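>>> How does the following fold in three dimensions:
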Amino acid sequence: MLKSDKDIFTQRQIMERPDFECYHYLDPVPPVVDFHEHAFYEIFFFLSGDVSYIIEGRTYQLRPGDILLTDNRDIHKPDIRPGKPYERFVIWIDPGFLSRANMFGLDLTRCFTDASEKKYKRIRPESNVLTHLRSICEKMLRNRDDAGFGSGTLSYVYLIEFLVYLNRAYFTTPEDIRRDVTENEKVNGVVAYINDHLADDLTLDRLAEACYISKSHLMHQFKTYTGLTLYQFIIKKRVTVARNMIHEGTPVTEACMRCGFNDYSNFLKAFKREFGRSPKEFMARR
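Modelled structure (predicted):
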């Protein structure tokens, strides 16, 4: 099946702007989106549709108004079923820009870092906050194409306002919404082990032994909950982390070795297969 331009857009690795981008999409026909990851932070603001979202082995059953936070290490994919229009806002933020925004005296990355630590990526804002967040998104979109005086400054003002209310919503989201998540404790443990031991020899035998699970059960359950085979997940995770390291200035060969690739040629093939370009080409387009 051919992918639409929007599907290619969704899985884009390089931002057109060096700071942030905001988009609104409404698809009457569900697009086909593969597992992917970004070199930036993503805020996925779900508005309508019949959608569940897989992030690192956990499947979130979405309600209109739910917001998902993914960082630049998360492997994720929406499962979009037909019957309802699929509508969402998507905000992409460069990690460096988000860190620099702390100059305002606020750690605006708190919701992202806390979500990563807790391995739980969803926010379900109260109705009044939800309405306000949506209005800010609409203002960002209207301002995007405005060439009037101060429009560039306003775009940052709107983003900072959005992030302030997003953090407030994150830290007041009740714990009981975790009931809308499909997950498996053993698979969660395997994913965590992979994330913490990328430089190691992550064989099936080693993972099964380290996580106290039989090899056959591990292979079956891992595919069931993550949507990927064990090998596919490990390779995706390794090239994703290597890409982030290269983006931050780590030499390519060092990133290759630190992410568990013992053969440089295999690393280059995997990197190009995942991102559509070599590490050198990726750096040239940053």
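>>> going forward, measure contacts and count neighbours with C-alpha atoms only.
Fine.
>>> which stretches of the stretch 101-250 of the chain have low pLDDT?
Scanning the stretch 101-250 of the chain for pLDDT under 70 picks out nothing.
>>> which secondary structure element contains the residue sitting furthest away from the middle of the chain?
Computed with CA atoms, centre = their mean, the residue of the chain farthest from its C-alpha average is Phe149, at 33.7 Å. Phe149 is part of no helix or strand when elements are defined by DSSP states H and E.
>>> Equivalent analysis for the one 4 residues further on, please.
Under DSSP H and E, the secondary-structure element containing Thr153 is helix 151-171.
>>> Show me what that helix is packed up against.
helix 110-118, helix 127-144 (3 or more CA pairs under 8 Å, 6 or more residues apart in numbering; DSSP states H and E).
>>> Those: which one's closest to Val157?
Closest approach to Val157 among the helices and strands packed on helix 151-171 (CA to CA): helix 127-144, 9.3 Å.
>>> what angle do that closest one and helix 151-171 make?
With axes from the mean of the first three to the mean of the last three CA atoms, to 10 degrees applied, the angle from helix 127-144 to helix 151-171 works out at 160 degrees.
>>> what sits up against helix 127-144?
22-24, 65, 89, 151, 154-155, 158-159, 161-162, 165-166, 169 (CA atoms under 8 Å, 6 or more residues apart in numbering).
>>> ok, so of those residues, who is nearest Ser216?
Checking the contacts of helix 127-144 against Ser216 with CA to CA, the nearest one is Gly65 at 38.7 Å.
>>> What's the ChimeraX syntax to select whichever of the contacts of helix 127-144 are buried?
Buried residues within the contacts of helix 127-144, by 16 or more other CA atoms under 10 Å, are selected in ChimeraX with:
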select :22,65,89,151,155,158,159,162,165,166,169
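>>> now what about the helix holding Thr153, what contacts it?
Helix 151-171 is contacted from outside by 101, 108, 110-111, 123-126, 129, 133, 136-137, 139-140, 143-144, using CA under 8 Å, 6+ apart.
>>> Can you select the buried ones among these for me in PyMOL?
If you want just the buried ones from the contacts of helix 151-171 in PyMOL, going by 16+ other CA under 10 Å, the selection is:
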select buried, resi 101+108+111+123+124+125+133+136+137+140+143+144
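>>> Of the contacts of helix 151-171, which is the nearest to Pro18?
Ranked by distance to Pro18 (CA to CA), those are led by Ala101 at 13.3 Å.
>>> Tell me who's in contact with the nearest residue to the closest one once chain neighbours are set aside.
In space, and not counting its chain neighbours, Ala101 is closest to Leu108: 7.2 Å by CA to CA, 6 or more residues apart in numbering. Counting by CA under 8 Å, 6+ apart, Leu108 touches Leu98, Ser99, Ala101, Asn102, Leu163, Val164, Asn167.
>>> Turn those residues into CSV, columns for distance to Asp263.
Listed next are the contacts of Leu108 as CSV, based on distance: CA to CA, whole Å:
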residue, distance to Asp263
Leu98, 34
Ser99, 34
Ala101, 39
Asn102, 39
Leu163, 41
Val164, 44
Asn167, 42
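>>> of those, closest to Leu47?
Closest to Leu47, out of all of the contacts of Leu108 and judged by CA to CA, is Leu163, at 18.2 Å.
>>> Done for today, thanks.
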